[in-house]
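Chemist: what's the 3D shape of this:
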Amino acid sequence: MALGAVGWLSAGVAYGLATNGKQFLNNPVAFSYGYGFAGLDYGLSSVANPFAGAPMPTIDRVPGGAIIRNSFYANNLMSKKYYAQTHGYTVSFRTGEDTYAHILHERRHIIQNRTREGFYNGYGGGIFRYFGGGKEIEADLSAGYFGYQQTGAFILFLYYNKYISDDLYRNIRLWTLLNN
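Modeler: Sure thing, here's the model as predicted:
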């Protein structure tokens, strides 16, 4: 707790190097930004959550990155319309919002940030690169649900133009209802 901001930032980057070191070579800026932010978030959450009556934070390693649950940043400083936010290779989750579909969605952002050009955040791949909000559409589709309005519009376009079957459309809608 007594580390201070620079200490927590350094601890976050050290954790990233220890658990996921070879990813540093893909995009050093995204790696350092993400794990540095994770260190600050975890440190702040460890100190502030007990005072706020919130559960202690946990950090879990996922392929290519890390997830912070019970994040003070996500619970108190992030826009209330979002359940999580990805920073480089790490994700800060609001308490109780880490559903399977949400984790899949945010893990797609980690992959985007790791595998695509960009200062610290990648962009949508393939055809999604050319859409406004393509990064979110790609992440939603990889998770199998409509988290964003543009994803719903994209799926409706595919459905009404008969690019996807009635069964697939119903299954996507059902999966979305179960994960919201």
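Chemist: For Arg170, see how far away the residue nearest to the spatial centre of the chain is.
Modeler: Nearest to the geometric centre of the chain sits Glu106, at 2.9 Å (CA atoms, centre = their mean). In this view, Glu106 and Arg170 are 26 Å apart by CB to CB, to the nearest Å. Placement of C-beta: from N, CA and C, glycine included.
Chemist: With Gly65 instead?
Modeler: Relative to Arg170, and taking CB to CB, Gly65 is found at 33 Å.
Chemist: These two - which one has more neighbours?
Modeler: Gly65 (29 against 11; other CB atoms under 10 Å).
Chemist: Is it correct that the more buried one is in contact with Tyr89?
Modeler: Yes - Gly65 is within contact range of Tyr89, at 3.8 Å (criterion: CB atoms under 8 Å).
Chemist: I figured the residue nearest to the centre of the chain hits Ser142, correct?
Modeler: No - contact criterion CB under 8 Å: Glu106 and Ser142 do not qualify, at 10.3 Å.
Chemist: Tally up the residues packed near Val29, please.
Modeler: There are 13 residues near Val29, going by other CB under 10 Å.
Chemist: What strand or helix carries it?
Modeler: helix 28-52 (DSSP states H and E).
Chemist: I'd like the mean pLDDT over that helix, please.
Modeler: The average pLDDT within helix 28-52 is 91.
Chemist: Give the buried residues for it.
Modeler: Under the neighbour-count criterion of 16 or more other CB atoms under 10 Å, helix 28-52 has 30-46, 49 buried.
Chemist: And the helices in the protein?
Modeler: Using DSSP state H, the helices of the chain run over residues 4-20, 28-52, 72, 100-115, 134-143, 149-160, 166-178.
Chemist: so can I have TSV of those helices showing distance to Ala84?
Modeler: Below are the helices of the chain laid out as TSV (distance: least, CB to CB, whole Å):
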stretch	distance to Ala84
helix 4-20	17
helix 28-52	12
helix 72	13
helix 100-115	5
helix 134-143	11
helix 149-160	16
helix 166-178	17
